[in-house]
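Undergrad: Return atomic coordinates for the entry below.
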Amino acid sequence: MADASDTDSRMERFKTLGRQAFVLGYTGEVGKMLVEELNKYKIFKRVVLIGRRQVPLNVGPEFEQAVVDFDRLTEHQEIFAGIDTGFCCLGTTRGQAGKAGFIKVDKDYVLGAAEVAKLQGCQHFSLVSSVGADKDSCILYKKTKGEVEEALRHMNFDRLSIYRPGLLLCDRQQRRPMEKAAMIFLKPITSCFPTLLSVPTDTVAKAMLNNVVKPAESATELYDNKDIHLLAKNVTGQTKNKKS
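TA: Sure thing, here's the model as predicted:
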C-alpha cells in the first residue's frame with residue numbers, strides 16, 4: 001500500500017489528465033460523501049451528477065446535475081458522452097421499494113446505466129455492491145447484488161472496481177428498521193474491530209477516490225470491507241472510524 005504522500009502525488013498527476021466522471025446515486029448516503037470528496041480534491045475537470053431530480057448542492061463549477069428518466073436511459077445517451085469514469089452508488093431496499101422496485105433500482109437501473117456508459121466511452125466503472133454478494137444466493141438482496149456484479153464483468157470495461165462494504169455507518173435521516181437493529185446488536189463488535197463488519201460511508205467514498213487515481217491491479221478489482229478501510233487510509237493518512 002502506498003502512503004498518503006504517494007496518494008497526493010497520484011492525485012496531482014491524475015488532475016493533469018483532464019478526465020471526466022459521472023456519479024449515479026449521488027443523493028444517497030455513500031453518493032453524498034463521494035460528491036464531497038470529489039469537490040474537495042477536484043481530480044476531475046468535469047463531474048456529471050446523474051439523478052431523477054436536482055437537489056441543492058454547494059460544489060465547484062466543474063459539477064453539473066443531469067436529470068434523467070432511468071426507465072428510458074437510452075434517450076439520455078448524450079449525458080454519458082465523452083465521460084471516461086463512472087461511479088455507481090445507486091441502491092434501495094426491498095422494505096423501501098418492494099421486491100420489484102428493489103430489483104429495478106439495484107439491478108435494472110445499474111446495468112442499464114452501465115450499458116449506455118460503456119457505449120459512450122466509459123473506461124473505468126466503479127460499483128458500490130455489498131458484502132455477501134452472490135448470484136447463487138437464495139437471499140434476494142445478496143443474489144441481486146451478485147447478478148449485477150456478474151453482468152458488469154461481462155461488459156468488459158477496461159477497468160471494473162467493485163466495492164463490497166459491510167454495514168454502512170452514517171447519520172441517516174430515516175434509519176431502516178433492520179439496519180438499526182443490526183447496528184445496536186453489532187455495536188460492541190464494530191467498536192472493538194472497526195474494519196471487520198462495518199464501514200462509515202465517508203470511508204467508502206475516500207476509498208473510491210483513492211483507488212481511481214492509482215494504477216489498476218487487474219481488469220476487475222474486488223474490494224471487501226477491510227480493503228475499503230485500507231484504501232481510504234491512504235487518502236488522508238488515517239482512516240476515520242465513526243461509531244453509531
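Undergrad: Just give the closest residue to E36, not the sequence neighbours.
TA: Excluding its sequence neighbours, the residue lying closest to E36 (C-beta to C-beta, 6 or more residues apart in numbering) is A205, at 7.0 Å. The way it works is simple: take the backbone N, C-alpha and C, and place the C-beta from them, glycine included.
Undergrad: Now the phi/psi pair for the one you found, please.
TA: Main-chain dihedrals, A205, degrees, to the nearest 10: phi -60, psi -40.
Undergrad: any idea how far it is from C170?
TA: Look at A205 and C170: by C-beta to C-beta, to the nearest Å, they are 11 Å apart.
Undergrad: of those two, who's got more company?
TA: A205 (26 against 19; other C-beta atoms under 10 Å).
Undergrad: Now do the same contact list for that one.
TA: By C-beta atoms under 8 Å, 6 or more residues apart in numbering, the contact list for A205 reads V30, M33, L34, E36, E37, A232.
Undergrad: And it, how close does it get to V68?
TA: Per C-beta to C-beta, A205 is found 22 Å from V68.
Undergrad: low pLDDT regions in the chain?
TA: For the chain, residues meeting the criterion pLDDT under 70 lie at 1-4, 171-196, 235-244.
Undergrad: Which parts of it are strands?
TA: 20-24, 46-51, 63-67, 85-88, 124-128, 159-163, 167-169, 198-200, 220-223 (DSSP state E).
Undergrad: Identify each buried residue in the second one, please.
TA: Of the residues in strand 46-51, those buried by neighbour count under the rule 16 or more other C-beta atoms under 10 Å are V47, V48, L49, I50, G51.
Undergrad: cool, the fourth one as well?
TA: For strand 85-88, the buried set under the neighbour-count rule, 16+ other C-beta under 10 Å, comprises T85, G86, F87, C88.
Undergrad: ditto for the last one
TA: By neighbour count, with 16+ other C-beta under 10 Å as the criterion, the buried positions of strand 220-223 are E221, L222, Y223.
Undergrad: and of those residues, the nearest to G166?
TA: Nearest to G166 out of these is Y223 (C-beta to C-beta; 11.7 Å).
Undergrad: re the thing from before, so of the contacts of A205, which ones are in helices?
TA: V30, M33, L34, E36, E37, A232 (DSSP state H).
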